[in-house]
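Visitor: fold the stuff below for me.
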Amino acid sequence: MKILAAHPGPNFSVHDVYVGWVEALRELGQQVIEFNLAERLTFYDAALLETHDKQILKAVSTEQAQQLAVNGLYAALYKTRPDVLFAVSAFFYTPELLDLARSYGTKVVLLHTESPYEDGRQLTIAAHADLNLINDPTNIDDFRRVAPTVYVPHSYRPTIHHPGPGAPDLAADLAFVGTGYASRIAFLEEMDLSGLDVLLAGNWQQLDEDSPLRAAVAHEPDECLDNEQTAQVYRSAAVGLNLYRREAEAAHLAAGWAMGPREVEMAACGMFFLRDPRPEGDDVLPMLPTFTTVEGASEQLHYWLGHPAERQELAAQARMAIADRTFVNRAAELMQLLSTKE
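Guide: Residues are numbered from 1 along each chain as shown. Sure thing, here's the model as predicted:
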């Protein structure tokens with residue numbers, strides 16, 4: 001099957017999901033053609049022009065750069081005539097583009113990565129797909145009212161997410177990798193982290209200059225950590241933390257059901273971590289301790305730092321519990337779904 005895989009644009013966690021799916025589909029023998037949206041966005045947004053009076057100005061606005069970058073997908077669809085357009089986190093792609101692809105006989109599959117937080121926006125584009133894959137089934141009935149939809153759990157890449165020796169320069173008592181949303185910043189600033197070596201990674205540009213967390217960020221606050229380095233952090237730190245964001249498109253969309261991608265990756269790397277509870281996590285990873293308050297998270301952290309043998313045993317159990325959640329298994333399920341729709 002010829003599959004045109006459309007990149008989500010941003011080069012952080014959704015990029016990792018895109019790479020995992022592309023890699024898995026190719027491993028299953030599918031012909032995958034990639035549309036490099038991220039590189040196109042960077043190119044058009046960085047383009048400069050010299051005016052008649054020798055001023056150097058941006059060639060186009062950011063909005064125009066986005067339109068020009070996406071226009072390339074029209075050409076890619078025309079040139080390749082794929083059986084399937086597989087778009088990850090399709091916020092940059094328009095309904096008109098998806099409808100055009102379908103009019104040519106191309107099946108449109110959208111992988112929505114922001115459920116339930118942005119299900120309002122995702123539902124708007126979901127109506128223009130032949131199949132929607134969502135990462136949290138909280139609002140799956142709403143999706144199914146507009147188009148066929150299935151829940152697809154978060155996955156990991158065994159070549160990257162696996163146990164192994166840690167890196168001495170990444171050793172820490174506590175490590176957290178993720179976007180520094182305001183809710184997470186407030187939570188971590190209130191935790192009792194006294195005397196502990198803390199490592200934060202991800203985009204933390206919302207941190208105030210005088211935040212006590214700033215010294216813990218392992219890189220420039222506006223940068224991110226790639227997936228390979230993230231996995232090495234998970235192999236190096238004593239304890240991890242899963243903390244869901246509270247920011248959402250609307251207040252009623254903040255509470256999810258499914259585990260997040262970092263939980264699956266941490267477990268696959270053999271990392272012991274504290275869980276912000278959710279129903280799926282409670283079912284799949286009941287062996288890992290949970291917290292509901294800042295005080296509870298602090299107490300759990302200090303307790304488990306003193307019990308390394310028990311941490312190792314529970315981490316091994318967690319790894320076994322998510323062993324089948326690989327991208328290849330998810331991709332095989334997708335191919336089965338597509339074959340039944342022929």
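
Visitor: output the longest helix belonging to this structure.
Guide: The residue-count maximum for a helix in the chain (DSSP state H) belongs to helix 62-80.

Visitor: report the buried residues of that helix.
Guide: In terms of neighbour count (16 or more other CB atoms under 10 Å), helix 62-80 has its buried residues at 65, 66, 68, 69, 70, 73, 76, 77, 80. All C-beta atoms are positioned from the backbone trio N, CA, C, and that covers glycine.

Visitor: got the residues you listed as a markdown table, with distance to residue 151 and pLDDT columns?
Guide: Below are the buried residues of helix 62-80 laid out as a markdown table (distance: CB to CB, whole Å; pLDDT from 0 to 100):
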| residue | distance to residue 151 | pLDDT |
| --- | --- | --- |
| 65 | 34 | 92 |
| 66 | 29 | 93 |
| 68 | 35 | 95 |
| 69 | 30 | 94 |
| 70 | 28 | 95 |
| 73 | 26 | 96 |
| 76 | 29 | 96 |
| 77 | 28 | 96 |
| 80 | 29 | 96 |
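
Visitor: can you give me the helices for the protein?
Guide: 13-27, 37-46, 62-80, 95-103, 119-126, 140-144, 182-190, 227-236, 261-268, 279-284, 294-305, 308-321, 327-340.

Visitor: who touches the third one?
Guide: Among residues not part of helix 62-80, those counted as contacts by CB atoms under 8 Å, 6 or more residues apart in numbering are 2, 4, 6, 9, 33, 35, 37, 40-41, 43-45, 47, 60, 85, 92-94, 97, 100-101, 104, 106.

Visitor: so residue 205 touches residue 221, yeah?
Guide: Yes: contact criterion CB atoms under 8 Å: residue 205 and residue 221 qualify, at 4.7 Å.

Visitor: tell me which of the two has more neighbours.
Guide: residue 221 (17 against 12; other CB atoms under 10 Å).

Visitor: against residue 173, how distant is that one?
Guide: As for residue 221, its distance to residue 173 is 21 Å (criterion: CB to CB, to the nearest Å).

Visitor: circling back to that earlier point, which residues do residue 205 and residue 221 both contact?
Guide: Taking CB under 8 Å, 6+ apart as the contact rule, residue 205 and residue 221 both touch residue 180.

Visitor: count of neighbours near residue 53?
Guide: Neighbour tally, residue 53, other CB under 10 Å: 5.

Visitor: likewise for residue 44?
Guide: Count around residue 44 with other CB under 10 Å applied: 22.

Visitor: return the distance of the closest residue to it other than its chain neighbours relative to residue 57.
Guide: Nearest residue to residue 44 in three dimensions, chain neighbours excluded: residue 65, at 3.8 Å (CB to CB, 6 or more residues apart in numbering). In this view, residue 65 and residue 57 are 13 Å apart by CB to CB.
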